[in-house]
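Visitor: Dropping a prediction and its sequence here:
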Number of protein chains: 2
Amino acid sequence: MIATLAALAEPNRLRIVELLRDGPRAVGEISERLALRQPQVSKHLAHLKGAGLVAVRPVAQQRVYQLRAEPFAELAAWTERYRALWAERFDELDAVVDDLKRREKKKKGEPTR
Amino acid sequence: MIATLAALAEPNRLRIVELLRDGPRAVGEISERLALRQPQVSKHLAHLKGAGLVAVRPVAQQRVYQLRAEPFAELAAWTERYRALWAERFDELDAVVDDLKRREKKKKGEPTR
DNA sequence: GGAGAATATGTCTGTCAAGGAATATATGGG
DNA sequence: CCCATATATTCCTTGACAGACATATTCTCC
């Protein structure tokens, strides 16, 4: 999860992923289309591969990269858990009040930690 | 999008978000529950706020942080665009072949870029 | 208005990652 | 085998950021 997020959190890497969404691409073509220098593309692809976001397949002397489904499925599943957010949001004020009360009672000389 | 991903890509920040999923929390309580030092929590919350992931609400001298729905909705929407990935995946080989052929014809002295 | 609690901010340090340029490694063709 | 193409790897410099610690700010209450 963290690996997936970290891999996607870099602008050029996200552009690469968006491009690969339309289908597999060789390094040179990614470099062309996104106007990035080839070594950078290779490095970003290595990063994406390390995070499990892409798979490689050699074709002659080219390497064709392609998105892997799993991480995106996991990300979708993770995000789903937050769907409740854009629904009811107000019954939780009670919880806050409870928390404050509980913390009030616990008031002791706890170090700042 | 990038801001959202970058904010979530840090382990402790993700833990904070996961905690806030259960409802709003004051800084001190986050610090307690996650065993993080208070200044770090404040900084992470500042980061999350800068990315628009949380909103603050003062309650006495406490600051109660709470998740905002929009970024999560956007993330869910973005992820949805990749749902096609865990479906058909093989008709794209044709596209690759086409690409290779096209690149073959274009073969000229283009700088390495 | 002063004390204490809750939170924010500043400084320092170490680490990590990205971009640039050069170079190494494969791969196919004549 | 040597050359050209495609890609990967290395070295360097620079900037961002997380953690630790100390300190400032803000609020409440007496």
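Guide: Cool, the structure landed.

Visitor: Quick check: beta-bridge partners of the spatially closest residue to A:R63 that is not a sequence neighbour?
Guide: Closest residue to A:R63 in three dimensions, ignoring its sequence neighbours and counting by C-beta to C-beta, 6 or more residues apart in numbering or on different chains: A:V56, at 5.1 Å. Glycine gets a C-beta too; all of them are placed from N, C-alpha and C. Counting by DSSP bridges, A:V56 is bridged to A:Y65.

Visitor: so where's chain A uncertain?
Guide: Low-confidence segments of chain A (pLDDT under 70): A:87-113.

Visitor: which residue ranges form the helices in it?
Guide: For chain A, the helices defined by DSSP state H occupy A:2-8, A:11-20, A:27-34, A:38-50, A:69-80, A:93-106.

Visitor: Would you mind measuring from the residue lying closest to A:I30 once chain neighbours are set aside to A:A9?
Guide: Nearest non-adjacent residue to A:I30, counting by C-beta to C-beta, 6+ apart: A:V41, 5.2 Å away. Going from A:V41 to A:A9 by C-beta to C-beta, to the nearest Å gives 17 Å.

Visitor: which of those two has more neighbours?
Guide: A:V41 (23 against 19; other C-beta atoms under 10 Å in any protein chain shown).

Visitor: residues in contact with that one?
Guide: Applying C-beta atoms under 8 Å, 6 or more residues apart in numbering or on different chains to A:V41 gives the contacts A:I16, A:V27, A:I30, A:S31, A:L34.

Visitor: Identify, from those, the entry nearest to chain B.
Guide: A:S31 (6.3 Å; C-beta to the nearest C-beta).

Visitor: ok so, going back, you'd agree the residue nearest to A:R63 is up against A:L67?
Guide: No - counting by C-beta atoms under 8 Å, A:V56 stays clear of A:L67, with 11.5 Å between them.

Visitor: Name the residue in the two with the higher neighbour count.
Guide: Between A:V56 and A:L67, counted using other C-beta under 10 Å, A:L67 has the larger neighbour count: 22 against 15.

Visitor: show me what contacts the more buried one?
Guide: A:V17, A:L20, A:R21, A:L53, A:V54, A:A55, B:Y82, B:L85.

Visitor: residues near the residue nearest to A:Q40 when sequence neighbours are not counted, how many?
Guide: Leaving aside its chain neighbours, A:Q40 sits nearest to A:N12 (7.0 Å; criterion: C-beta to C-beta, 6+ apart). For A:N12, the neighbour count with other C-beta under 10 Å is 13.

Visitor: residues touching A:N12, list them.
Guide: By C-beta under 8 Å, 6+ apart, A:N12 lies in contact with A:L34, A:L36, A:Q40, A:H44.
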